[in-house]
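Undergrad: Using only what follows, build the 3D model:
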Amino acid sequence: MNSWPPVPTEPPARHPDAPAPDTELPEHYAYCFGCGSEVEHGLHLRATAGDDLTVRSRFLVTETHQGAPGLAHGGLLACAFDEALGTAVGHLLRRPAVTGRLETDFVRPVPVGTVLHIDAHIDGVAGRKVYVSAEGRMNSVVGDIAVRARALFVLVELKHFIDHGRREDLRKVAEDPGLLGRSVDLNP
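TA: Below is the predicted model of the structure:
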């Protein structure tokens, strides 16, 4: 991997309303494949706010997450990192953002039954661009590194999701705001 962030950045500032360190973070949407409780075979990724600009996430690799026999699917691991990195941006900066680029390095295989611990850190901000990186360790926060990733997220307005989301899903959220992890005014 080349130097990171790849452009000059400003040091990010943790939002004054960001969750305190050691706070369990809610799912952002009940039907999110990464963190949602309503997706039977989703990742069910759970996260905790860390110190400074860090979030620690974890998920159990199950049989439904396999690629090769007995091993996590690489695309699924990339999905877990996308979720963990986005969780850091959303909760610590308190701004909606979307993934612009995701780079993943697979260091070692991740067997079914592994709990992957992902530490994501916001590295810098350049205008609307937020640079984030993470490491995933197997079975403990000090276990072997299995995956590394870094991503560029782009800050967007809430209107982005209203303009591009499926109408029936937006209607469901408007009717039941509890589907979102925190209160957002949605009137599609």
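Undergrad: Can you point out the buried residues in the biggest helix by length in the chain?
TA: Determined from DSSP state H, the single longest helix within the chain is helix 74-93. Using 16 or more other CB atoms under 10 Å as the test for burial, helix 74-93 gives 76-93. Where C-beta positions appear, they are placed from N, C-alpha and C, glycine not excepted.
Undergrad: Ok, stretch 118-126 next?
TA: Here stretch 118-126 shows Ile118, Asp119, Ala120, His121, Ile122, Asp123, Gly124, Val125 as buried, counting by 16+ other CB under 10 Å.
Undergrad: average pLDDT across it?
TA: Mean pLDDT, stretch 118-126: 98.
Undergrad: Kindly report the same for stretch 68-87.
TA: 97.
Undergrad: now swap in stretch 136-146 and tell me
TA: On average, stretch 136-146 scores 95.
Undergrad: How many residues are close by the nearest residue to Val110 once chain neighbours are set aside?
TA: Counting by CB to CB, 6 or more residues apart in numbering, Val110 lies nearest to Ala72, which is 4.1 Å off, once chain neighbours are set aside. By the criterion of other CB atoms under 10 Å, Ala72 has 25 neighbours.
Undergrad: close enough to count as contact, Ala72 and Thr114?
TA: Yes - using CB atoms under 8 Å, Ala72 is in contact with Thr114, at 7.2 Å.
Undergrad: Now the closest residue to Gly75 other than its chain neighbours: phi and psi?
TA: Nearest residue to Gly75, sequence neighbours excluded (CB to CB, 6+ apart): Gly67, at 7.5 Å. When read as degrees, to the nearest 10, the backbone of Gly67 gives phi -110, psi -80.
Undergrad: Contact partners for Gly67?
TA: The contact partners of Gly67, taken as CB atoms under 8 Å, 6 or more residues apart in numbering, are His73, Gly74, Gly75, Leu76.
Undergrad: Which member of the residues you listed is positioned nearest Tyr31?
TA: Leu76 (17.3 Å; CB to CB).
Undergrad: Sounds good, over and out.
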